[in-house]
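Asker: Could you work out the structure for the sequence below:
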Amino acid sequence: MKNVTQIISSIQNQPQFSKLYQCVCINKIKSVFTPLLQKMIKFGYIKGDTLFFVLNHPAGKQEFDNSIDNIKSALKFYKPAECDGIEFCNIKAFVTHTPSRNNTMKIVKQFYKERSKGEFETDIKDKNLKQIAVDIKNIIKQNNEH
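Answerer: Sure thing, here's the model as predicted:
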């Protein structure tokens with residue numbers, strides 16, 4: 001029986017999942033960078049013979065550009081095992097200004113203390129609506145007792 005690692009590696013080696021294999025390679029290369037630079041990298045991809053890293057801050061691009069020669073020379077001497085069969089000659093980075101999904105506004109529910117005391121008239125002719133209004137009035141009175 002195969003374990004999880006063997007199943008995943010056999011799936012990655014199938015041609016229809018070549019992008020998944022590339023993703024593992026890119027994440028392995030990304031793990032070599034400094035932790036600060038890793039936080040600034042949104043994602044990476046391979047197009048043609050170039051490995052692109054998309055950064056979310058200009059300072060990350062500047063740090064990446066300063067260390068690009070070191071990265072290229074290190075990858076020439078030692079290519080990770082996860083990158084076997086994946087060829088790229090150039091490494092480039094650029095900054096994106098699109099907002100990430102993580103930074104979307106979160107809806108915060110706020111609860112306010114009921115200001116009503118439940119002392120209002122229910123002059124409604126329809127019996128169903130009058131009963132609903134009376135139920136609401138009773139709920140307000142019960143909440144004010146606590």
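Asker: Now do the buried residues in the longest helix seen in the chain.
Answerer: Assignment by DSSP state H gives helix 127-145 as the longest helix of the chain. Neighbour counts over helix 127-145 (16 or more other CB atoms under 10 Å) mark A133, K137, I140 as buried. All C-beta spots, glycine's among them, are computed from the backbone N, C-alpha and C.
Asker: Closest one to I86 out of the residues you listed, please.
Answerer: I140 (66.2 Å; CB to CB).
Asker: Show me the protein divided up by domain.
Answerer: 4-102, 111-146 (automatic domain parsing).
Asker: Let's have the ones you listed in TSV, adding mean pLDDT.
Answerer: What follows is the domains of the chain, written out as TSV (pLDDT from 0 to 100):
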stretch	mean pLDDT
domain 4-102	82
domain 111-146	85
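Asker: any idea which of these is most buried?
Answerer: Comparing the domains of the chain by mean neighbour count (mean count of other CB atoms under 10 Å), domain 4-102 ranks first with a mean of 14.
Asker: Identify the residues contacting the residue located most distally from the centre of the chain.
Answerer: Distance from the C-alpha centroid of the chain peaks at K125, with 54.2 Å (CA atoms, centre = their mean). Residues counted as contacts of K125 (CB atoms under 8 Å, 6 or more residues apart in numbering): none.
Asker: What separation is there between it and D135?
Answerer: 17 Å (CB to CB, to the nearest Å).
Asker: In a strand, F94, correct?
Answerer: Yes. Using DSSP: H, G, I helix; E, B strand; the rest coil, the assignment for F94 is a strand.
Asker: For it, list each beta-bridge partner.
Answerer: When bridges are called by DSSP bridges, F94 pairs up with V54.
Asker: dump the residue contacts of it.
Answerer: When contacts are counted by CB under 8 Å, 6+ apart, F94 touches F52, V54, L55, K61.
Asker: ok, residues contacting the host helix or strand of the last one?
Answerer: Going back to what we said before, that points to K61. In this assignment (DSSP states H and E), K61 forms part of helix 58-66. Contacts to helix 58-66, defined as CB under 8 Å, 6+ apart, come from residues T34, L36, L37, M40, I41, F53, L55, A93, F94, V95.
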